[in-house]
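Peer 1: Need a 3D model of the following:
(chains A and B)
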Amino acid sequence: MKIDPIHQFNVEPLFTIGRIGDHTIAFTNASLYMFVAVGIIALLLLTSGKQLVPGRLQSVAELSYEFVASMIRSTAGADGMRFFPLIFSLFMFICVSNLVGIVPYTFTVTSHLIVTAALALLVFFTVLIYGLYKNGLKFLKVFVPSGVPGYILPLVMAIEVLSFFLRPVSHSVRLFANMLAGHIALKVFAGFVAMLGASLGVVGWIGGVMPLALAVALTALELLVAFLQAYVFAILTCIYLNDAIHPGH
Amino acid sequence: MAESHGGAKGTGAHTEADGGHHGGGFPPFESSTFASQLVSLAIAFVALYLIVSRFALPRVGGAIEARQNKIEGDLAEAQKLKDQSEAALKAYEGELASARARAQAIGNESREKANAQAEAERKALEEQLSAKLAEAEKTIASTRATAMSNVRGIAADAAGTIVQQLTGVVPDATSVNAAVDATLKG
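Peer 2: Here you go, the predicted structure:
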């Protein structure tokens, strides 16, 4: 049995939708899992009860609601609540995509840089446009930290500008790399089990216990990472939006 | 693992996307898939955003708010009832205290009245008794005086008779009376 830990990231077109310029737009397995994630979120939020004493599904829906709401309030203040739908959508989309991706044989939407980059750029431009719209040129105070002596201010400003424009890079690569690395590691260890068993017979199956245990442990770790990366992405979004709402630190 | 289904389908369905994979290409960096992914992501995310902002959040938030209102309402109701019961308790205690005070007052009053009555009766009885006592003493004194005078007469007679028997001479009544008086006094 050949182990190809990269194969799981292949984007396979299921059918073609149309063309834009010289790009073929296809409905791929990635598209499928994006809509699966949207469907799961919609199902969770729209079919959960409205009981006074919540059931399990309703508790999940309400916990995620309050989790994101309190995250926004604590990092971006009450003004940040206007971005609640955006941050909630981002958090839920990434979290559900990550979690779905852990299920064997599924595709992980967030393991593709183009997807995470698109989401990070969405946040970046939201911050930029809302910041300029709301504060006008005062938004540029983001680049001028207060309390810095005049003679090093140009240097600090250069660093601030650079870090501001590098935000979407770190924002997207962090999520992408975490998901990619985790899934490769899982695949490698799971592949060992099958390879040992296939090549060494009984001895191999016994020897495969170790990588199997590791694969189980890694799966648990990946569950944590899946949630944690969604949380990190969402809270960074809140922090960046806080700059747009309250420029000048 | 996932190997079984991917390769065959990919080559059959589409020409462009599978140009690089299996050939050592790294799928996340295969630019031929970017357009498809971006379009799907845009559609999926806009749909998600609309679902979340139009339906999901108002729905879940409404449920949470309804619970919050219900809890606050119930707490306020409980507080109101508690206040009411405390007021009732206070009223009850006030009533009890005043009733106790009234009972005490009534008790004192009736005790005093009873005492005064008893005192008056006792006094009347004592007066009656002392009057009777005085009367009885008077009767005793007069009876005694009568008796004494009777004793004197009898003694004088007896003395006269005794003197006559002994001497044969009838004694003088005056000297006999004087002798009897002297003896009675002594």
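
Peer 1: Quick check: phi and psi at A:Arg178.
Peer 2: Careful, residue A:178 is Asn; it's not Arg. Phi and psi for A:Asn178, reported as degrees, to the nearest 10, are phi -60, psi -50.

Peer 1: Need the nearest residue in space to it, chain neighbours excluded.
Peer 2: Distances taken as C-beta to C-beta, 6 or more residues apart in numbering or on different chains place A:Gln229 nearest to A:Asn178, at 5.0 Å, with adjacent residues excluded. C-beta coordinates here come from the backbone N, C-alpha and C atoms, glycine included.

Peer 1: Output the lowest mean pLDDT helix or strand found in chain A.
Peer 2: Counting by mean pLDDT, DSSP states H and E, chain A has its least confident helix or strand at strand A:13-20, which shows a mean of 81.

Peer 1: for it, packing partners?
Peer 2: Using 3 or more C-beta pairs under 8 Å, 6 or more residues apart in numbering or on different chains; DSSP states H and E, the elements in contact with strand A:13-20 are strand A:23-28, helix A:29-47, helix B:3-13, helix B:34-50.

Peer 1: ok, back up a step: now do the same for the helix or strand where the residue nearest to A:Asn178 lies: mean pLDDT, whole number.
Peer 2: Taking DSSP states H and E as the criterion, the element that holds A:Gln229 is helix A:209-245. Mean pLDDT, helix A:209-245: 93.

Peer 1: still on that earlier bit, so the least confident helix or strand of chain A versus strand A:23-28, what angle?
Peer 2: On the basis of axes from the mean of the first three to the mean of the last three C-alpha atoms, to 10 degrees, strand A:13-20 is oriented at 150 degrees to strand A:23-28.

Peer 1: Next, the angle from strand A:13-20 to helix A:29-47.
Peer 2: Taking the same axes, to 10 degrees, one finds that strand A:13-20 is oriented at 100 degrees with respect to helix A:29-47.

Peer 1: May I see the buried residues of strand A:13-20?
Peer 2: For strand A:13-20, burial by neighbour count (16 or more other C-beta atoms under 10 Å in any protein chain shown) applies to A:13-14, A:16-17.

Peer 1: Show me where the chain dips below the pLDDT cut-off.
Peer 2: Answering for chain A, as no chain was given. A:1-3, A:248-249 (pLDDT under 70).

Peer 1: I was thinking of chain B, sorry if that wasn't clear
Peer 2: Low-confidence segments of chain B, defined by pLDDT under 70: B:1-24, B:186.

Peer 1: and the angle from the top helix by length along it to helix A:29-47?
Peer 2: Scanning chain B for the helix with the most residues, using DSSP state H, yields helix B:57-167. Between helix B:57-167 and helix A:29-47, the angle comes out at 30 degrees (the same axes, to 10 degrees).

Peer 1: following helix B:57-167, which helix or strand comes up?
Peer 2: Next helix or strand after helix B:57-167 toward the C-terminus (DSSP H and E): helix B:173-185.

Peer 1: list the helices and strands that next one packs on?
Peer 2: Packing contacts for helix B:173-185, counted by 3+ C-beta pairs under 8 Å, 6+ apart, involve helix B:57-167.

Peer 1: for the helix it packs on, packing partners?
Peer 2: Checking 3+ C-beta pairs under 8 Å, 6+ apart, helix B:57-167 ends up next to helix A:29-47, helix A:56-76, helix A:84-102, helix B:173-185.

Peer 1: in the longest one, what counts as buried?
Peer 2: Okay, so that is helix A:56-76. A:58, A:61-62, A:64-65, A:68-69, A:71-72, A:75-76.

Peer 1: how near is A:Ala30 to chain B?
Peer 2: Taking C-beta to the nearest C-beta, to the nearest Å as the measure, A:Ala30 falls 5 Å from chain B.

Peer 1: Can you report how many residues lie near A:Leu113?
Peer 2: 20 (other C-beta atoms under 10 Å in any protein chain shown).

Peer 1: What is the nearest of the buried residues of strand A:13-20 to chain B?
Peer 2: Comparing the buried residues of strand A:13-20 against chain B with C-beta to the nearest C-beta places A:Pro13 closest, at 3.6 Å.
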